[in-house]
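Asker: Below: sequence and its predicted model.
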Amino acid sequence: MAIYGTRPEGIKMAPLVLALRDDPRFEVRVVVTGQHREMLDQVNQSFGIVPDSDLDIHAPGQSLTQISNRTLEGLTEVLKKDRPDAVLVQGDTSTTFVGALAAFYAEIPVVHTEAGLRTGNKYSPFPEEINRRLTGQIASLHLAPTAASRENLLKENIDASTIVVTGNSVIDALLITVASLPRIEDPALAERLAEGRPMVLVTAHRRESWGKPLEAVGRAIAALARRHPDHDFVFPAHRNPLVRDAIRPAVQDVKNVLMTEPLPYAQFCALLERASIILTDSGGVQEEGPSLGKPVLVMRETTERPEAVVAGAVKLVGTDEEVIVREVSTLITDQDEYSRMARALNPYGDGRAAERTVRALARHFGFDDLVEEFTYEPQFAASTTS
């Protein structure tokens, strides 16, 4: 049983669900909690996935406690009815942790994909760092995206025989999608992109950035747009009003800043492909950007994805207005720095994470003996250090 509830989980779970459905040894049921609603539905539709159960817990302004309570109650009933042989959860959301907890209470083994990511700071990101740590204590099988993630699990005394390095399935999803990118449907965005100017793609949504940090991000975007009028700055705004209302006042009157509605996944991938620079606080975008050769600046103080920072494809810039303006401006004006980041190797996957996940599950259930793990050799990273 695959359980997920948000757009990022849906994107990363989709290749796994499709691969499991293609293997006659497995029967997979999909349960969505609806922690995200419209954005999650768009992802499922994009990959042709129709959930078997939908808890539909989404409601405006819910607290973490309310999300967790409703998810636990709903999943308890689903697990009692379906009694799967294993529960597959992804990443670090409230759905992830509560899904693992519900399975544990039902004495059903948990398989954790994207296991082992850590910042070392339990409040950053919040609540994701604790969600994934606790899920790691519950899981029976840990599918780590990288060797560094495996090392994190080993440091927590997780049995090495229960860890498999698969790569990250977000790369599978990205490669599936970019093979046939759609046209941009938003008229204003399509018109803006048709002008052919360089474009900086901005995304922001992190809970720990709500309030003053996001207001600083808005001011930074406005300052950058005024400093670089030959560039467009596109911000697909998260539906949460705490995000929109923090950013909008600073940018609403700036001609070359365009705020859009959230884009369906395939159209967002088209925007990633079109961007010259990516400014984000998203975990998934940190992984997707380097796969497309795009420099990524991360508006966080820490990251649980250090591999791309080491490789030189990603740089942490935090949420300080002056730092953001300086670092984006450097990439716009310094071609050598831009090329250094754009040429760095992607350390997160090769598009075969779903295949390795299926084989890891087959081995776990005694169907298979061998799993060829994902490996990454950071050849280029060594040459980019000064």
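Answerer: Structure's in. What do you need? Residues are numbered from 1 along each chain as shown.
Asker: Can you pull up the most central residue in the protein?
Answerer: The chain has Gly284 as the residue nearest its centroid, 2.4 Å off, counting by CA atoms, centre = their mean.
Asker: ok so that one is a strand residue?
Answerer: No. Gly284 is assigned helix when assessed by DSSP: H, G, I helix; E, B strand; the rest coil, not a strand.
Asker: quick one: it and Thr6 touch, right?
Answerer: No. Using CB atoms under 8 Å, Gly284 is not in contact with Thr6; the gap is 10.4 Å. The C-beta positions use only the backbone N, C-alpha and C, and glycine is treated the same way.
Asker: on that earlier part again, how near is the residue nearest to the centre of the chain to Asn168?
Answerer: Gly284 is 9 Å from Asn168, where distance means CB to CB, to the nearest Å.
Asker: hey, what's in contact with both of the two?
Answerer: Lys12 (CB atoms under 8 Å, 6 or more residues apart in numbering).
Asker: re earlier: kindly provide the distance from the residue nearest to the centre of the chain to Glu195.
Answerer: 28 Å.
Asker: what does Asp334 give?
Answerer: As judged by CB to CB, Asp334 and Glu195 stand 24 Å apart.
Asker: Just the helices from the stretch 101-250 of the chain, written as ranges.
Answerer: For the stretch 101-250 of the chain, applying DSSP state H, counting those that start in this stretch gives helices covering 128-138, 147-155, 169-178, 187-194, 212-227, 241-251.
Asker: so how far is the shortest one from its chain's centroid?
Answerer: How far helix 187-194 lies from its chain's middle: 26 Å, per CA atoms, centre = their mean, to the nearest Å.
Asker: Got phi/psi on Met259?
Answerer: phi -90, psi 130 (degrees, to the nearest 10).
Asker: Test my guess that it contacts Phe235.
Answerer: Yes. Contact criterion CB under 8 Å: Met259 and Phe235 qualify, at 5.0 Å.
Asker: wait, what's in contact with the closest residue to Val30 other than its chain neighbours?
Answerer: The shortest distance from Val30 to any non-neighbouring residue, by CB to CB, 6 or more residues apart in numbering, is to Pro51 (4.6 Å). Counting by CB under 8 Å, 6+ apart, Pro51 makes contact with Val30, Val31, Val32, Asn44.
Asker: just checking, which of the residues you listed belong to helices?
Answerer: Residues of the contacts of Pro51 located in helices (DSSP state H): Asn44.
Asker: Please tell me which one of the contacts of Pro51 counts the most neighbours.
Answerer: Using other CB atoms under 10 Å as the neighbour test, the contacts of Pro51 are led by Val32, with 28 neighbours.
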